[in-house]
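Peer 1: Turn this into a model:
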Amino acid sequence: MSDNYDSIDKALNIESNTVEVKKVSTEIDSIKSKGPDIEKDYEYTRANLYSLIEKGQEAINGIMELAGEGGSPRAYEVAGQLIKSVADTTDKLIDLQKKLKDVEDQSIKTTNNVTNNAVFVGSTSELQKLLKQGFLNNKE
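Peer 2: Here you go, the predicted model:
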């Protein structure tokens, strides 16, 4: 292939070489290959969230009784904050499920690096002839 460019190399006083492009692929390990650690962390986090939700519900029941007996606005405010906290914790439990699913569904990511350093030295009519020849060769 370098025979085609010998006249160009000679005119420019350079030496051309062919660069091979390597296909680079990065593969992300799925949950099965990392299995025990991710599964263990998932189960631990899930158990903690369930425990927090249960304790939060017990605290809500207690503060609601206290607020009902005393009628204090502060007790009702604390009850509202506890309810919000428990609701946020249940949202975190659902987010944990989504994150686990995302880790399981990660697929192969491929990156193609193409470097084109082509320079044509010639007239436009010569370029058109080369392009036409290239298109005719590709159609066959």
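
Peer 1: same for the helix or strand where residue 93 lies, what does it pack against?
Peer 2: Using DSSP states H and E, residue 93 falls within helix 73-104. Counting contacts by 3 or more C-beta pairs under 8 Å, 6 or more residues apart in numbering; DSSP states H and E, helix 73-104 packs against helix 31-70. Backbone N, C-alpha and C define where each C-beta goes, glycine included.

Peer 1: pLDDT on the helix it packs on, on average?
Peer 2: Helix 31-70 shows a mean pLDDT of 83.

Peer 1: quick one, it and helix 73-104 angle?
Peer 2: Comparing the axes of helix 31-70 and helix 73-104 via axes from the mean of the first three to the mean of the last three C-alpha atoms, to 10 degrees yields an angle of 170 degrees.

Peer 1: Helix 31-70 packs against which elements?
Peer 2: Against helix 31-70 (3+ C-beta pairs under 8 Å, 6+ apart) you get helix 73-104.

Peer 1: Tell me which residues of the helix it packs on come out buried.
Peer 2: 75-76, 78-79, 82-83, 86, 89, 100 (16 or more other C-beta atoms under 10 Å).

Peer 1: ok, of the residues you listed, which one's closest to residue 57?
Peer 2: residue 86 (6.3 Å; C-beta to C-beta).

Peer 1: burial count for the closest residue to the closest one other than its chain neighbours?
Peer 2: Leaving out its chain neighbours, the residue that sits closest to residue 86 by C-beta to C-beta, 6 or more residues apart in numbering is residue 56, at 3.7 Å. A total of 19 residues lie near residue 56 under the criterion other C-beta atoms under 10 Å.

Peer 1: Wait, residue 56 touches residue 85, no?
Peer 2: Yes - applying C-beta atoms under 8 Å as the test, residue 56 and residue 85 come out as touching, 6.0 Å apart.

Peer 1: Quick check: residue 12 touching residue 120?
Peer 2: No - Residue 12 lies out of contact with residue 120 (C-beta under 8 Å); the separation is 11.9 Å.
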